[in-house]
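Novice: my questions are about this predicted structure, shown below with the sequence.
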Amino acid sequence: MVRSSTRNRAADAPVPASRAIVRDFSRSDPSSYDVEFDVRTLYDFLFGLSDDVGSTEDLPAADRTWLAESKAQLRAKTGDDLDVEAELCVVLAGLAVDRPEMRDAADFVELIHGLDDATIIRTIVAHDLRDPDRRALTEQAMAGDDAAVRELLTILGHSYTEEKLARIARIYRDPDSIIEPARRVLTEWLPLYRAIEPRIAAMIRHDHDGRARAIATLPPTDLIEATTGGIRWLAEPGVRRVILAPSYFARPYNFVFGGDDWRMFGYPIADEALDGGDPLAPPAAVVRLHRALGDETRLRILRLLAGRDHYLTEIASALDLSKPTIKHHLALLRAAGLVTLTEEGGLSYYSLRRGTIEANGTGLIDYLLA
């Protein structure tokens, strides 16, 4: 595992001059935090199971085909377990953060078979354990207090479907029915993933090595934003470490995880870190930009953000669309460099990055006239 670290000494986060609304960041948490790079293939082993992986052209066609064929083989062996447990397997990435001795996918599978159910469940419900309003109730539910389970389900009822609530109930009431299928999926996924693991290792290390100058020179907030492609993370009380884990399968998304004193971003590796190459292929940044702009909903989102920053709920309300739909569009806009997501405490809001179109327009001209 490679760990590169930088220390945040700035209490204030700068406000870009192009922002329509000025927010005072001087009252953000002044405590310092470390930024670390965690370069291990086991994260892509887990991320590759996500339904989002391969949903865009940010992965080459050959790898999208490999994913589809490999998941078909996996589904043939695990049945419905893959569809039910895939996203849970991704969440288990949090188990690796404080276990640097684990190097690869095989190490992770060995770990997941050796851990007790209670430790795994704590990782699955880590978000509720970090919430001061739900921490005690979550601990009681994990200890077998069914009244606490019912109260948690009532609290969460307005946010989740009945199917999701039933699954949450099983996490507390019958954890083995959740964990054992996940273990089966990961065990069967391992031999398929190991066939490409050396390629993944080379690309994520290439990405990390290519960021040496940024790691050495950028302030932590700017380093996080540059690495994640537009997430501006502001310090949170109690968070001492921000972990950046390069991922091939995450492209073009970021996979975000949290622990008691850490946050982790599984970030998409840069175009320059990809192996292979077609001499006639256009720059990936230009393709992402024009793909992002070729959708009416995304253009309307940009029009909203041109006036001022917006929260996710505001955008969904203005366009009369669901928050998951808007979040998907915003992820593609951010991957294209058009939007910045700022994480401020428990709130997230989106800003327009005004220079991207001009910069990538030049990139298109350079490509066509090369």
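Specialist: Perfect, I can see it now.
Novice: which stretches of the protein form strands?
Specialist: Taking DSSP state E as the criterion, the chain contains strands spanning 5-7, 34-37, 231-233, 241-247, 255-258, 262-268, 310-311, 339-344, 347-352.
Novice: okay if I get those as a markdown table plus mean pLDDT and mean neighbour count?
Specialist: Using the backbone N, CA and C atoms, a C-beta is placed for each residue, glycine as well. Listed next are those as a markdown table, based on pLDDT from 0 to 100; neighbours: other Cβ atoms under 10 Å:
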| stretch | mean pLDDT | mean neighbour count |
| --- | --- | --- |
| strand 5-7 | 42 | 14 |
| strand 34-37 | 95 | 20 |
| strand 231-233 | 87 | 21 |
| strand 241-247 | 97 | 24 |
| strand 255-258 | 92 | 19 |
| strand 262-268 | 95 | 22 |
| strand 310-311 | 90 | 17 |
| strand 339-344 | 82 | 20 |
| strand 347-352 | 84 | 19 |
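Novice: so which of those strands gets nearest Pro181?
Specialist: Pro181 lies closest to strand 255-258 among the strands of the chain, at 21.0 Å (Cβ to Cβ).
Novice: could you say what helices and strands that closest one packs with?
Specialist: With contacts defined as 3 or more Cβ pairs under 8 Å, 6 or more residues apart in numbering; DSSP states H and E, the packing partners of strand 255-258 are helix 126-130, strand 262-268.
Novice: residues in contact with the last one?
Specialist: Around strand 262-268, the neighbours that count as contacts under Cβ atoms under 8 Å, 6 or more residues apart in numbering are 38, 43, 47, 58, 93-94, 97, 224, 227-229, 231, 233, 236, 239-248, 250-258, 335.
Novice: follow-up on the earlier one: let me have the helices and strands packed on strand 255-258 in TSV, extended by distance to Glu139.
Specialist: Listed next are the helices and strands packed on strand 255-258 as TSV, based on distance: least, Cβ to Cβ, whole Å:
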stretch	distance to Glu139
helix 126-130	7
strand 262-268	20
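Novice: to Phe108, which of these lies closest?
Specialist: Among those, strand 262-268 comes nearest to Phe108, with 14.0 Å by Cβ to Cβ.
Novice: spell out which strands sit alongside the closest one in the sheet and which way each one runs.
Specialist: If you go by DSSP bridges, strand 262-268 pairs up with strand 241-247 (parallel), strand 255-258 (antiparallel).
Novice: closest one to Leu274 among the ones you listed?
Specialist: strand 241-247 (11.8 Å).
Novice: chain center to that closest one: distance?
Specialist: Put simply, strand 241-247 sits 10 Å off its chain's centre (Cα atoms, centre = their mean, to the nearest Å).
Novice: that's all I had, so thanks and see you.
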